[in-house]
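S.K.: pasting the sequence and the predicted model now:
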Amino acid sequence: MHKTNTFETTKDQLVASVVNELKNELKQAIFTEQYLTREEVSELLKISLSTIHNWTKRGILQAYQIGGRIYLKASDIECSMIKLEN
């Protein structure tokens, strides 16, 4: 007689549940990223649009485009900040 191992079924269900939850969180994280226009970044950092253009060309900031609009990720701007040592 073959017995079904209840623990194995429960373990598989738990793994599937965790995987699904992680997938859902990843989807939410992708769509919660804040994208800013060049004008918004200019106002935020109090710099000119030409400075944003130059930083993008030099690779300091990464620009993203959809249609004819250019955006920058708020998290990329934060990561580009360099801590100054005293």
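M.R.: Structure received.
S.K.: alpha carbons only for contacts and neighbour counts from here, please
M.R.: Fine.
S.K.: what helix or strand is residue 52 on?
M.R.: helix 49-57 (DSSP states H and E).
S.K.: flag every buried residue along that helix.
M.R.: residue 52 (16 or more other C-alpha atoms under 10 Å).
S.K.: helix, strand or coil for the nearest residue to residue 47 once chain neighbours are set aside?
M.R.: Excluding the flanking residues, the one nearest residue 47 by C-alpha to C-alpha, 6 or more residues apart in numbering is residue 41, at 8.0 Å. Classification of residue 41 by DSSP: H, G, I helix; E, B strand; the rest coil places it in helix.
S.K.: contacts only, for residue 41.
M.R.: 47, 52, 72 (C-alpha atoms under 8 Å, 6 or more residues apart in numbering).
S.K.: rewinding a little: which helices and strands sit right next to the helix holding residue 52?
M.R.: Where contact means 3 or more C-alpha pairs under 8 Å, 6 or more residues apart in numbering; DSSP states H and E, helix 49-57 is packed against helix 38-45.
S.K.: try 10 Å
M.R.: helix 38-45, strand 63-66 (3 or more C-alpha pairs under 10 Å, 6 or more residues apart in numbering; DSSP states H and E).
S.K.: name the surrounding residues that touch it.
M.R.: Helix 49-57 is contacted from outside by 38-43, 45, 48, 58-63, 72, using C-alpha atoms under 10 Å, 6 or more residues apart in numbering.
S.K.: how about the nearest residue to residue 33, chain neighbours excluded?
M.R.: residue 73 (7.1 Å).
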